[in-house]
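Participant: Next one to model:
(2 chains)
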Amino acid sequence: MLPLNATILKIDEESPSIRTFFFDFQFETMNPGQFVMVWVRGVDEVPMGLSSKNSITVQKVGEATSKLFELKEGDSFGLRGPYGKGFSLPSEGEKTLVIAGGVGAAPLVPYAEAARSEGSEVHTVLGARSAGDLLFEKRFAAAGEVYISTDDGSKGTKGFVTDVLNSLNLSVYDKIAVCGPEIMMASVFRLLEDREVLDKSEFSLHRYFKCGIGVCGACCIDKSGLRVCRDGPVFSGVQLMDSELGKYTRDASGRRVKI
Amino acid sequence: MYTLTGLKLKNPTILAAGILGTTGASLCRVAHEGGAGAVVTKSIGPMPKTGHPNPSMVKLDCGFLNAMGLPNPSYPSFFQELEIAKKDAGVPVIASIFGGNPAEFKEVAEGLLPAKPDAFELNVSCPHAEGYGAAVGSNPCFVEAITAAVKDIVNVPVWVKLTPNVSDITCIGNAAEAGGADAVVAINTLKGMAIDIESGYPVLGNRSGGLSGKAVKPVAIKCVYDLYTALEIPVIGVGGVSSWQDAVEMMMAGAAAVQVGSAVYDRLDIFSEISTGIEAFLQRKGYSDVKKLIGLAHEMV
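Facilitator: Below is the predicted model:
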């Protein structure tokens, strides 16, 4: 598909460096965890998780996202998607644990809402640097119980999401969905492995995307060779055993870069 | 087993360059899960390149447009990926390389040689990288000199991948043959462009790029047909092959084997599907050997 033209309806400032852009197109068939390629014309095109059927939530990190932050309501950008494999939804009566760190909360909030709609009891562990950086606390709370951790202790448990997880009985959950900075996901991965619940978990990975549609191979992970843009971005914990998760990623040229 | 320029292929389908070939693990997956008879790596050059800004590939109704811009980690960083592919792929691994002149091609080939690629494929055909690819591959003198330079220092077969964006592809094919090429590969993408009418911006980050997929198949068939007549060395057909029927057609035009690129978009096991389809076709038609198909159309007058 060629990029759709998406006009910005509304911009929410979630934190000083994170904004949600609502656009005039609804991805009715999107599965939470799927992404769109956001084309900031004349600059670059970057993958973004959908934070709802008609929004992306963006952290200002580079050239494309900085340009995106200059856009106002009524401005437009290009959109292709939804692409990739999302999180698998729980069945009615199953218990779901959502583990979100930083802007990783973006694809997980529609997941928590969808899981709740399926009739699942949803618990969320929401982590951020400090209270002002916590994303979508209200939306997660509307879906179920929320445990908060902040690095500086300004709200909830002082420390990381893993500090909250240490005090939870993880064996009661049927589905565990994780997204956040890779260091955090690697810690969560090890914790879930230790607690023998890895087979219930799914992680959403981020890698440099070139084509975004599963053809070029720039985002393939070791050792499976799976494509993050097409076979992922959501992978089961089992798929990520003995993988590069937490060890290295690749830059735009394909060179390995330590995490 | 199927022999091509001395290489023993599991079947006559080969992963095309630039597709799922940036890492060793990915190449192994295409061989194992995809069923490719051989795999060609991403084109590797002398220096790391990040390529063009995105969008770098879009799907159209008739095919795909891309302008990757030869992103690659350079030969020193790719060496370990090639070693992984060689160790675990279980099929021949062909290193695709590029450079701006014969010396750069030599440098990259020499650098990768100790990882023991089964063959080299020279990219003198990428249509959208300034100073590389078709920029050198449109000139028969350069193509001959580059081919000869690489042949001079390697002890494995050298394939030369040709651009269709020239007035006569057989001139370039002849130059490759004169330089000592063991085979030519035809075709790379056709120059193309798409414009976003809502904004007026060209869609690709590089503004224009190369067209692949179904739309280019008739162009590829004609190029392969002409090269088969003009050259002594084998022609490897590539361009829009997405079914066994396409592969048979390409072979009847003169292709000794086929490469598959964009069609991995539909399914990774397209290689198994094509090779199984060819086998069934041979049986149904009573052909004793797949080689009977090669160039068949030339005899039908």
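
Participant: Wait, a strand at A:Val122?
Facilitator: Yes: checked against DSSP: H, G, I helix; E, B strand; the rest coil, A:Val122 lies within a strand.

Participant: Let me see the contact set for the residue lying closest to it once chain neighbours are set aside.
Facilitator: Spatially, and ignoring its direct neighbours in sequence, A:Val122 is nearest to A:Gly144 (3.6 Å; C-beta to C-beta, 6 or more residues apart in numbering or on different chains). To be clear about C-beta, it is placed using only N, CA and C from the backbone, and glycine gets the same treatment. If you count contacts by C-beta atoms under 8 Å, 6 or more residues apart in numbering or on different chains, A:Gly144 has them with A:96, A:112, A:116, A:121-124.

Participant: Residues of chain A that sit close to chain B?
Facilitator: Selection of chain A residues close to chain B by C-beta under 8 Å from any C-beta of the partner chain yields A:1-3, A:5, A:37, A:39, A:41-46, A:76, A:78, A:80, A:209-218, A:220-227, A:250-256.

Participant: returning to what we had before: of the contacts of A:Gly144 - the most surrounded one?
Facilitator: The residue in the contacts of A:Gly144 with the most neighbours, by other C-beta atoms under 10 Å in any protein chain shown, is A:Ala112 (30 neighbours).

Participant: How many neighbouring residues does the residue in the stretch 151-300 of chain B that chain A sits nearest to have?
Facilitator: Nearest to chain A in the stretch 151-300 of chain B, going by C-beta to the nearest C-beta, is B:Glu198, at a distance of 3.8 Å. Neighbour count of B:Glu198, defined by other C-beta under 10 Å: 15.

Participant: Could you look up the SS state of it?
Facilitator: Applying three-state DSSP: B:Glu198 is coil.

Participant: which residue packs closest to it, ignoring adjacent ones?
Facilitator: Nearest in space to B:Glu198, with sequence neighbours left out and distances taken as C-beta to C-beta, 6+ apart, is A:Asn5 at 3.8 Å.

Participant: does the one you found belong to a helix or a strand, and which?
Facilitator: strand A:4-15 (DSSP states H and E).

Participant: Touching that strand from outside, list them.
Facilitator: By C-beta under 8 Å, 6+ apart, the surrounding residues in contact with strand A:4-15 are A:19-25, A:54, A:57, A:71-80, A:132-133, A:135-136, B:196, B:198-199.

Participant: Repeat the analysis, applying 7 Å as the threshold.
Facilitator: Outside strand A:4-15, the residues within contact range by C-beta atoms under 7 Å, 6 or more residues apart in numbering or on different chains are A:19-25, A:57, A:71, A:73-79, A:132-133, A:135, B:198.

Participant: In that strand, which residues are buried?
Facilitator: A:4-6, A:8, A:11, A:14-15 (16 or more other C-beta atoms under 10 Å in any protein chain shown).

Participant: Just the closest of those to B:Ser96, please.
Facilitator: A:Leu4 (34.1 Å; C-beta to C-beta).

Participant: and the residue lying closest to B:Leu268 once chain neighbours are set aside, how many residues sit next to it?
Facilitator: In space, and not counting its chain neighbours, B:Leu268 is closest to B:Gly34: 4.6 Å by C-beta to C-beta, 6+ apart. Neighbours of B:Gly34 under the rule other C-beta under 10 Å: 22.

Participant: Okay then, goodbye and thanks.
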